[in-house]
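Student: I would like to see how this sequence folds:
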Amino acid sequence: MGAYTAAYERSIADPTRFWGLAARDVRWLVPPDRVLDDGAPPFYRWFTGGELNTCDNAVDRHVEEGRGEQAALIYDSPVTGTVRTFSFRELRDLVAAFAGALRELGVDRGDRVVIYLPMIPEAVVAMLACARLGAVHSVVFGGFAAKELAVRIDDARPKVVVSASCGIEGSRVVPYKPLLDQALEMASHKVDRCVVRQRPQLHADLVRPRDVEWDEAVAGGSPAECVPVSATDPLYILYTSGTTGRPKGVVRDNGGHAVALRWSMENVYGVGPGDVFWAASDVGWVVGHSYIVYAPLLTGCTTVLYEGKPVGTPDAGAFWRVASQHRVKALFTAPTAIRAIKKEDPEGALPAGYDLSALDTLFLAGERLDPDTYHWASRVLDRPVIDHWWQTETGWPIVANPRGLEPMPVKPGSPTVAVPGYDVRVLQPDGTPAAPGTDGDIVLRLPLPPGALSTLWQDDERFVESYLGRHPGHYLTGDGGHVDEDGYVWVMGRTDDVINVAGHRLSTGTMEEVIAAHPAVAECAVIGVADQLKGQLPRGLVVLKSGAVVDPEALRDELVAMVREQIGPVAALKEISVVPALPKTRSGKILRGVMRGIADGRDVPVPSTIEDPAVLEELRPILRSPTASP
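Tutor: Prediction:
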């Protein structure tokens, strides 16, 4: 029995013992009475009776255990020309000082603090400072529209909002303070105070006495010590989009979160204390929470905070420059970022200009990794490229190739196998198990492992309704796919991306795989649009690689023929448009549902997370006219 199989079977058969052993890597102030409290299904609690402090585990313990002078945080900002390194000792002192400032402003254990900051060190400091006080932070992506910020303020009801004068998007300075002021006017909940980090690129006007500058606030307090909290107390609220338009506040606890993330770093990502880990994401997203801030610091790694883009800051070699300069061992980003790099550097010439000898592994998640992108990255980097799959709700990987536990052969298109702790199953709509290779709903049998959401913020009923109602005893991931005979999981996309063509259920993800393999295609999306005769028909949208010169009609014919050959005529794909760009969220997810709604002529709301609304507006006439192509 291999190391993975043994660990996985132990985690499912005896989760109490498995996670009890993993919990030894966390510093507890009071050891838990029970590892798993399963007394009130479907609500489960991990490490009840235990007390700890997440900030203590992420920062203070490393100083006390001899890592005080090790780099904890590297801030790399090509948009401002800044690179700065903070040791664990320096980070602890900054966090303690800001925690003292928040305490002086009235923040206590259990109070909420909304953090609305760009990718600057103060974002990490503010998150850890809240954890230090036992306060609950809710990070809202910097630059979010005022209305969306107001909705989150009303739901979380924070005592304090922490913000900055501006963010920087490429060469553009984005004023934050006007957005924050608008949000505070719109919100029914009134915050006590706002702390504003003034950046050199733009000075914000403050509303006194409500607003206070960061340095001024720190000067008004004294360093705060870590406050013990219960393992089951919330660490943070992170909002994810809801089907009703009202965002869902995912609640993460302190104890289970610390144990799971600490375990995942060495077993999933293959990194340990002293290694340099870089998650090229944003602290506004779950990847930023888990793998920029908490998991690396809990492990004693050096984490990279990058304020820039994969391309344009200054070129498509930006990621390789950062990985080389900081001796990154593991890089984690979204497939969208790699596709953007591939589009600008299709031959993969730029990595050769950098010393990537420290880089062991590239990890990708957030959007389905198509085999073409996998093969390109594998060829260009000549090292393992690892797809893995998880969600905001789970907080850490569900399916992965466990690099630190037992590296496995890669099957392009599959994120590999279920991670220990996750009982992954595929069910048919009637709840019966799907046969190997047969698509269905991907679900997780309860209880979810430590680190997964415990509920939705102040809405247990919606938690049950959203995730636990369709298949009793199971968490519904919302993704469809299958498990093959080797136990590899294949995630084919959201269940609403499965289309029904004349009674045949087809995965748009499978069609995208075929289209993405064409040498001229940088990225693509396939959506199902309404059809009176067949119910739905697939429509393809493709973005060309930089420098690719093709005839759109000839390309369409080639792609249609490829899909027909590899999937069959049942796919009925005939309409494919070449477009300049695809609309995405800021985390890199393609807005297939929005495009489908527009193509069907429905008035669909544009999500607040959209990266560039102009891209969607440019696509509207194309989506509404099947034969249109620019």
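
Student: those helices in the stretch 351-500 of the chain, which residues are they?
Tutor: Using DSSP state H, counting those that start in this stretch, the helices of the stretch 351-500 of the chain run over 371-381, 460-463.

Student: Name the residues of the first one that come out as buried.
Tutor: Judged by neighbour count (16 or more other Cβ atoms under 10 Å), helix 371-381 contains these buried residues: 371-374, 376-377, 380-381. C-beta here means a position set from N, CA and C on the backbone, and glycine is covered the same way.

Student: ok, those residues vs Q566, which is closest?
Tutor: When those are ranked by distance to Q566 (Cβ to Cβ), P371 comes first, at 11.7 Å.

Student: need the contact list for that closest one.
Tutor: 412-413, 513, 516-517 (Cβ atoms under 8 Å, 6 or more residues apart in numbering).

Student: now V287: how far from R210?
Tutor: According to Cβ to Cβ, to the nearest Å, V287 and R210 sit 32 Å apart.

Student: Between those two, which has more neighbouring residues?
Tutor: V287 (23 against 14; other Cβ atoms under 10 Å).

Student: thinking again about what came up before, of the buried residues of helix 371-381, which is the nearest to P314?
Tutor: Nearest member of the buried residues of helix 371-381 to P314, counting by Cβ to Cβ, is V380, at 19.2 Å.

Student: Select only the buried ones of the contacts of P371 in ChimeraX?
Tutor: Burial among the contacts of P371 is assessed by 16+ other Cβ under 10 Å; the matching ChimeraX selection reads:
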select :413,513,516,517
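
Student: quick one: which of the contacts of P371 sit in strands?
Tutor: With DSSP state E as the criterion, strands contain none of these.

Student: pLDDT-wise, what's the bottom of the contacts of P371?
Tutor: Minimum pLDDT for the contacts of P371 is recorded at E513 (85).

Student: do you know how far that one is from A58?
Tutor: Taken as Cβ to Cβ, the span from E513 to A58 is 39 Å.

Student: And F463, by the same measure?
Tutor: Using Cβ to Cβ, one gets 27 Å for the distance from F463 to A58.

Student: Show me which of these two is the more surrounded one.
Tutor: Each of F463 and A58 has its neighbours counted (other Cβ under 10 Å); A58 has more, 30 against 22.

Student: quick one: A358 from G478, how far?
Tutor: Going from A358 to G478 by Cβ to Cβ gives 37 Å.

Student: Please identify which of these two sits among more neighbours.
Tutor: Under the criterion of other Cβ under 10 Å, the comparison of A358 against G478 puts G478 first, with 18 against 14.

Student: Just the pLDDT at the more buried one, thanks.
Tutor: pLDDT, G478: 89.

Student: Equivalent analysis for D612, please.
Tutor: Taking D612 on its own, its pLDDT is 87.

Student: which secondary element of the chain has the worst mean pLDDT?
Tutor: strand 504-507 (a mean of 66; mean pLDDT, DSSP states H and E).

Student: isn't T373 right up against E513?
Tutor: No. The criterion here is Cβ atoms under 8 Å, and T373 misses it with E513 at 10.2 Å.

Student: So what pairs up with the closest residue to S378 other than its chain neighbours in the strands?
Tutor: Once flanking residues are discounted, S378 sits nearest to V385: 4.8 Å by Cβ to Cβ, 6 or more residues apart in numbering. Residues in a beta bridge with V385, per DSSP bridges, are L362.

Student: so who does V385 touch?
Tutor: Contacts of V385 (Cβ under 8 Å, 6+ apart): 361-362, 364, 374, 377-378, 410.

Student: Could you dump those residues into TSV with pLDDT and distance to A183 added?
Tutor: Formatted as TSV, these follow (pLDDT from 0 to 100; distance: Cβ to Cβ, whole Å):
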residue	pLDDT	distance to A183
T361	98	40
L362	98	37
L364	97	33
Y374	95	40
A377	97	39
S378	97	44
V410	96	45
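
Student: quick one: which two of the residues you listed are the most distant?
Tutor: Greatest spatial distance among those (Cβ to Cβ): T361 and Y374, at 13.2 Å.

Student: Which secondary structure element is home to V196?
Tutor: Following DSSP states H and E, one finds V196 within strand 193-197.

Student: Buried residues, the helix or strand that that strand is followed by. List them.
Tutor: The helix or strand immediately downstream of strand 193-197 is strand 211-213, counting by DSSP H and E. Buried positions in strand 211-213, judged by neighbour count with 16+ other Cβ under 10 Å: 211-212.

Student: Parallel or antiparallel, which strands does strand 211-213 pair with?
Tutor: Strands adjacent to strand 211-213 in the sheet, as given by DSSP bridges, are strand 193-197 (parallel).
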